[in-house]
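A.B. asks: heads up, no residue letters with this:
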């Protein structure tokens with residue numbers, strides 16, 4: 001609300017204020033410095049002053065942080081940066097609730113909103129973007145939520161086992177031991193959205209199945225939420241094979257980063273080719289994330305931007 005002095009007044013409990021403001025008020029100082037506003041907290045309220053546009057944006061940032069704190073129970077190191085980038089109130093229908101420690105998951109950027117909206121509205125979603133944008137995590141979280149809500153009976157997650165010149169046959173151990181290193185990001189996401197114990201039980205009972213892409217051939221996947229991760233390392237033939245595995249009651253998300261193609265030549269990547277083939281088909285959507293959607297250390301955004309500039313100069317990985 002707004003008080004008689006013209007400053008914006010936001011009612012905020014002392015506990016919430018302490019967590020939102022950060023150690024030594026570091027988060028609040030960052031907000032004030034970035035938006036060129038002044039803020040004072042007293043008697044359970046935060047007063048923000050400055051020019052009208054800046055104080056309204058600061059208010060939106062605080063409200064977004066308060067909502068994230070209430071829904072997810074914590075604020076990450078990236079929360080303030082994300083709120084400053086994307087202070088607008090997000091679409092609450094896109095929130096994902098999972099039984100694991102992640103709790104309720106909110107879109108942190110406009111690109112993530114677009115991605116989650118595509119997942120909500122379409123049976124097959126392609127998400128293309130750089131590392132750290134939440135492609136895999138949001139796909140796994142959406143699959144876990146669908147499984148928990150009874151929308152699907154199982155989750156199937158696959159990745160091509162061709163990275164950095166390695167192939168499965170040259171790695172030690174049985175099949176599971178061979179593919180586990182490639183699937184660590186997937187297991188991390190599962191552990192965040194389910195308890196580790198439930199992940200193990202679900203893997204043992206095959207409610208959740210993790211397998212290399214080659215093992216998808218010849219199958220029909222009914223009532224399943226299917227994820228293909230690192231799809232930039234698939235050929236168009238492999239990608240077609242995977243997509244046509246979908247059966248009744250199934251949904252699929254295909255993710256990849258076309259700046260990290262290990263296939264030679266990189267133009268053979270099915271993820272680069274597929275949009276021209278499937279654009280405009282009902283039930284299929286493409287979501288694109290970029291460096292502004294990175295939810296890791298801010299330095300990662302700058303690194304990605306630098307590589308994209310070089311890639312653009314060289315004409316590499318252009319669709």
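C.D. replies: That came in fine, so what should we check first? Nothing here was measured: the structure is a model prediction, and the numbers come from that model.
A.B. asks: In a helix, residue 191, correct?
C.D. replies: Yes: judged by DSSP: H, G, I helix; E, B strand; the rest coil, residue 191 forms part of a helix.
A.B. asks: can I assume it is in contact with residue 199?
C.D. replies: Yes: if you go by Cβ atoms under 8 Å, residue 191 and residue 199 touch, sitting 6.0 Å apart. Glycine gets a C-beta too; all of them are placed from N, C-alpha and C.
A.B. asks: Could you look up the SS state of residue 227?
C.D. replies: Following three-state DSSP, residue 227 is assigned to strand.
A.B. asks: Please enumerate the strands of the stretch 1-150 of the chain.
C.D. replies: 8-11, 38-42, 45-49, 96-97, 104-105, 124-128 (DSSP state E, counting those that start in this stretch).
A.B. asks: How far off centre is the fifth one?
C.D. replies: Same thing as strand 104-105. 11 Å (Cα atoms, centre = their mean, to the nearest Å).
A.B. asks: by contact count, what packs against that strand?
C.D. replies: Contact here means 3 or more Cβ pairs under 8 Å, 6 or more residues apart in numbering; DSSP states H and E; on that basis strand 104-105 packs against helix 52-72, strand 96-97.
A.B. asks: go on, the first one?
C.D. replies: With contacts defined as 3+ Cβ pairs under 8 Å, 6+ apart, strand 8-11 has these neighbours: strand 45-49, helix 52-72.
A.B. asks: Now the phi/psi pair for residue 73, please.
C.D. replies: The phi/psi pair for residue 73 (degrees, to the nearest 10) reads phi 90, psi -10.
A.B. asks: you'd agree it is up against residue 103?
C.D. replies: Yes: between residue 73 and residue 103 a contact is recorded at 5.6 Å, counting by Cβ under 8 Å.
A.B. asks: Tell me which residue lies nearest the centroid of this protein.
C.D. replies: residue 134 (2.2 Å; Cα atoms, centre = their mean).
A.B. asks: Can you give me the distance of that one to residue 114?
C.D. replies: 12 Å (Cβ to Cβ, to the nearest Å).
A.B. asks: likewise residue 31?
C.D. replies: Residue 31 is 25 Å from residue 114, by Cβ to Cβ.
A.B. asks: out of these two, which sits in the more crowded spot?
C.D. replies: Neighbour count, other Cβ atoms under 10 Å: between residue 31 and residue 114, residue 31 has more, with 25 against 19.
A.B. asks: which residues touch the more buried one?
C.D. replies: Neighbour list for residue 31: 37, 39, 58, 61, 62, 80, 84 [criterion: Cβ atoms under 8 Å, 6 or more residues apart in numbering].
A.B. asks: wait, isn't the fifth one in contact with residue 41?
C.D. replies: No: taking Cβ under 8 Å as the definition, residue 62 is not a contact partner of residue 41, at 10.6 Å.
A.B. asks: Compare the two and say which is more crowded by neighbours.
C.D. replies: Higher neighbour count among residue 62 and residue 41: residue 62, with 25 against 18, using other Cβ under 10 Å.
A.B. asks: if I pick the more buried one, what's in contact with it?
C.D. replies: For residue 62, the contact set (Cβ under 8 Å, 6+ apart) comprises 10, 12, 20, 31, 46, 48.
A.B. asks: same thing but 6 Å
C.D. replies: By Cβ atoms under 6 Å, 6 or more residues apart in numbering, the residues touching residue 62 are residue 10.
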